[in-house]
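K.L.:
Coordinates for the following, if possible.
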Amino acid sequence: MKYEAVLFDLDGTLVRTPIEAVAEMVNNTLSHFGREAPLEDITYFWYHSGRERIIEERFHVDPAEFWSLFKIYDTVEFRKKHAECYHDVGVVAELLPSEIKTGIVSGTPKYLIDFEVSLLGQNLFNAIVCANHGNGFKPKPDPHGLLECMRLLEVKPDRALSVGNAREDVDAANAARMDVALILRGECKFPGINPTYAIEDLYGLRPIVGIQRCI
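P.N.:
Here you go, the predicted model:
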């Protein structure tokens, strides 16, 4: 099948923030409530669907209050110290000579998307959708952001491929009725999940989209 567009998640897919840095942000936030979470719960929170539910069940705090305080610590300055592009992001540039359009759909706040895209290169993407409540979108696992990105790219779901690293990416793609490639980078396990494709890194996209070698 020839795909006309590839829609990428951002955090954990193209840009890496170590889970230890995430844990620092989460526990700094939870300190306002007199709480602290183990790394296992923070990893589950970062990679699985339904973060509001996870915040309630595992952190035992109000999600709205949590997110309001989390923004204090999840800053561009903090990300600059810890975030980096994955070694395989050059695969995105390999799509440029083809007719395949590229997009980003991420629930990350826009100011962080702008920073992370600056690490990757703005010219690599035909459309960028900040899919969170603050930007008027229902976040993943809702398909709202994916559907909007496909609208901007003028591509139908059966001709687009979603690429992500978390359960919410698979759930959102399934809801959008599009194929999905789940990157299994070894940072979290997803038992019982069935993506269209399971790849170990972005190089695994080459045979899927028809790119056989690096440009």
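K.L.:
Only C-alpha atoms from now on, for both contacts and neighbour counts.
P.N.:
Fine.
K.L.:
I'd like to know how far the residue of the chain most remote from its centre sits from R151.
P.N.:
Largest separation from the mean C-alpha position in the chain: G34, at 29.5 Å (CA atoms, centre = their mean). According to CA to CA, to the nearest Å, G34 and R151 sit 44 Å apart.
K.L.:
try F33
P.N.:
41 Å.
K.L.:
And L119, by the same measure?
P.N.:
For L119, the distance to R151 - CA to CA - is 26 Å.
K.L.:
ok, now V15?
P.N.:
From V15 to R151 the distance is 25 Å (CA to CA).
K.L.:
okay, those two: which has more neighbours?
P.N.:
V15 (19 against 13; other CA atoms under 10 Å).
K.L.:
My guess is the more buried one contacts H87. True?
P.N.:
No - V15 lies out of contact with H87 (CA atoms under 8 Å); the separation is 9.4 Å.
K.L.:
so what's in contact with these two at the same time?
P.N.:
Common contacts of V15 and H87 (CA atoms under 8 Å, 6 or more residues apart in numbering): none found.
K.L.:
quick one, helices of the protein?
P.N.:
19-30, 39-47, 51-54, 63-73, 76-82, 90-94, 110-120, 144-153, 167-176, 205-209 (DSSP state H).
K.L.:
which of those helices is buried the deepest?
P.N.:
Most buried of those by mean neighbour count (mean count of other CA atoms under 10 Å) is helix 167-176; its value is a mean of 22.
K.L.:
Mean confidence (pLDDT) on that one, please.
P.N.:
Mean pLDDT, computed over helix 167-176, is 94.
K.L.:
Which neighbouring elements make contact with that helix?
P.N.:
Under the contact definition 3 or more CA pairs under 8 Å, 6 or more residues apart in numbering; DSSP states H and E, helix 167-176 sits against helix 144-153, strand 160-164, strand 179-183.
K.L.:
Can you lay out those as TSV showing mean pLDDT and distance to L7?
P.N.:
Output for the helices and strands packed on helix 167-176, formatted as TSV (pLDDT from 0 to 100; distance: least, CA to CA, whole Å):
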stretch	mean pLDDT	distance to L7
helix 144-153	98	8
strand 160-164	98	5
strand 179-183	97	9
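K.L.:
now for those, which one comes closest to G192?
P.N.:
strand 179-183 (12.9 Å; CA to CA).
K.L.:
Can you dump the C-alpha atoms of the closest one in PDB for me?
P.N.:
Output of strand 179-183 as PDB, limited to C-alpha atoms (Å, rounded to 0.1, in the frame of the first residue of the first chain):
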ATOM      1  CA  ASP A 179      -2.700   2.400  10.100                       C
ATOM      2  CA  VAL A 180      -0.200   2.900  12.900                       C
ATOM      3  CA  ALA A 181       3.500   2.000  13.400                       C
ATOM      4  CA  LEU A 182       4.400   1.600  17.100                       C
ATOM      5  CA  ILE A 183       8.100   2.200  17.900                       C
END
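K.L.:
What confidence value was assigned to G210?
P.N.:
89.
K.L.:
Can you tell me, leaving aside adjacent residues, what's nearest to it?
P.N.:
Counting by CA to CA, 6 or more residues apart in numbering, G210 lies nearest to K2, which is 7.8 Å off, once chain neighbours are set aside.
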